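>>> Sequence plus predicted model, see below.
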Amino acid sequence: MLPFAQALRAHPAYFAAAALQAAVDLRLPDQLQQPGSLAGLAAQNGWDLRRLTALAVILEELGCLHRLPDQQWHWRACAAPPQPQVRQHWGRLAEVIASGQPLDSSEHTSAYQLSMAAAHAQPASEWASRWLPLLPAQGLVLDVGAGLGTWSRAVVDARQKWRALQVDSQPLDSLAQAHPRIQRLTADATALPRLPPVDFAVSAHLLHHLGDAAAQLCLQQMAQALRPGGWLSVVEVFELAGQPKPNVAHWFDLDMALYSPQGRVRPLAEVVDLLVAAGCAEVNWRILDAEVGVVEVWAKGVG
Ligand SMILES: C[S@@+](CC[C@H](N)C(=O)[O-])C[C@H]1O[C@@H](n2cnc3c(N)ncnc32)[C@H](O)[C@@H]1O
């Protein structure tokens, strides 16, 4: 399971208390005693609307905010009073919403990457097993936002004649396991270097880190890198109908509001549209983990 989802499931009270504390810090109970719009509130207080909206969705899930027609929101009595918060990590939500400046998480990079690789080893292996019958005997897989390269590594491990090119914006060579058929490259997902045609392109859990223009550019470049008939696979967290509470997609979106400059959890339909706009054909999707909302969207390159 996604490390964030594991933390949310293990410590729901911590996350709920942080969200409620942020509401109190921002004086939402007073400011939304009468119905009001989030846009109005953000403009009036000089807050970041995108980040405020992510908080409001969580407060709605907690039963503290009521969403009315015409984008009006109304404060309700809280289900539980906020606990005193440590003023770090999620305890700084109000500050981030007010300033629009995300927290710097760079000191946790190693632990983050290692936990991601451990959590994704099994899903990546299952994902690769489903793809193998569709892939040629030999080829090149491009992995963008690769982290330690778990997803493309699963293809290379299963197919002796496949090579991988793993791209990440962070230099992670000291953490990633070296492999003779894997090349690592430090580059931004929006500025991929000129590449040989690739047979398969994957981006797992990257898009939620990217702003809208960057997500569009990244998928365009991945699609352009594909040889005609090659496949592109995007693995992401999406909001699915009927998900249990806590709804990981909502809470993960607030986590992105806290830590990412422009990232967000997107609706599935938006990513489908981006792949169509990138010129891909046969766009389709399937649920990989219904509880968390992990979905694979895939498409065929047309060259
Ligand atoms: C959630 S991790 C996913 C890692 C790996 N794909 C996995 O699923 O295990 C997201 C990765 O995207 C990388 N990343 C974030 N923004 C990026 C960008 N603009 N360009 C390239 N990589 C980026 C991060 O450094 C991180 O390694």
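Okay, I see it.
>>> contacting residues for residue 34?
residue 74 (CB atoms under 8 Å, 6 or more residues apart in numbering). Bear in mind the C-beta positions are built from the backbone N, C-alpha and C, glycine included.
>>> pLDDT score assigned to it?
Residue 34 carries a pLDDT score of 96 in this model.
>>> and it, what element?
Using DSSP states H and E, residue 34 sits within no helix or strand.
>>> Could you measure from it over to residue 72?
9 Å (CB to CB, to the nearest Å).
>>> what about the residue in the stretch 1-150 of the chain that the ligand sits nearest to, is that helix, strand or coil?
The nearest approach of the stretch 1-150 of the chain to the ligand comes at residue 147, 2.7 Å away (CB to the nearest ligand atom). Assigned by DSSP: H, G, I helix; E, B strand; the rest coil, the conformation of residue 147 is coil.
>>> Not counting sequence-adjacent ones, nearest residue to residue 92?
residue 103 (6.1 Å; CB to CB, 6 or more residues apart in numbering).
>>> isn't the one you found right next to residue 93, touching?
No: counting by CB atoms under 8 Å, no contact exists between residue 103 and residue 93, whose distance comes to 9.5 Å.
>>> quick one, which of the two is more surrounded?
residue 93 (28 against 15; other CB atoms under 10 Å).
>>> any idea how far the helix or strand encompassing the more buried one is from the chain center?
Residue 93 is part of helix 93-99 when elements are defined by DSSP H and E. When C-alpha coordinates are averaged (CA atoms, centre = their mean, to the nearest Å), helix 93-99 and its chain have centres 20 Å apart.
>>> got a list of contacts for the helix or strand following it?
With elements assigned by DSSP H and E, the helix or strand that comes after helix 93-99 is helix 109-131. Contacts with helix 109-131, where a contact means CB under 8 Å, 6+ apart, come from 1-3, 6, 105, 147-148, 150-151, 153-155, 157-158, 170, 172, 175, 200, 204-205, 231, 233, 235, 288-289, 294, 296.
>>> which of the residues in the helix holding residue 93 are buried?
Using 16 or more other CB atoms under 10 Å as the test for burial, helix 93-99 gives 93, 94, 96, 97, 98.
>>> re the thing from before, now, the contacts of helix 109-131 that are in strands?
Using DSSP state E, the members of the contacts of helix 109-131 that fall in strands are 200, 204, 231, 233, 235, 288, 289, 294, 296.
>>> name the element the closest residue to the first one other than its chain neighbours belongs to?
It refers to residue 200. Leaving aside its sequence neighbours, residue 200 sits nearest to residue 141 (CB to CB, 6+ apart; 4.3 Å). Following DSSP H and E, one finds residue 141 within strand 139-144.
>>> Just give me the neighbour total for the nearest residue to residue 18 once chain neighbours are set aside.
Leaving aside its chain neighbours, residue 18 sits nearest to residue 90 (3.6 Å; criterion: CB to CB, 6+ apart). By other CB under 10 Å, the residues close to residue 90 number 23.
>>> re earlier: export the strand holding residue 141 as CSV, just CAs?
Coordinates of each C-alpha in strand 139-144 appear next as CSV, following Å, rounded to 0.1, in the frame of the first residue of the first chain:
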residue,chain,number,x,y,z
GLY,A,139,12.9,-3.6,-25.6
LEU,A,140,13.5,-0.4,-23.7
VAL,A,141,11.3,0.9,-20.9
LEU,A,142,11.3,4.5,-19.9
ASP,A,143,10.4,5.2,-16.3
VAL,A,144,9.7,8.8,-15.4
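>>> Would you mind measuring from the nearest residue to residue 100 once chain neighbours are set aside to residue 111?
Using CB to CB, 6+ apart and skipping the chain neighbours, the partner closest in space to residue 100 is residue 48 (3.6 Å). Separation of residue 48 from residue 111 (CB to CB): 27 Å.
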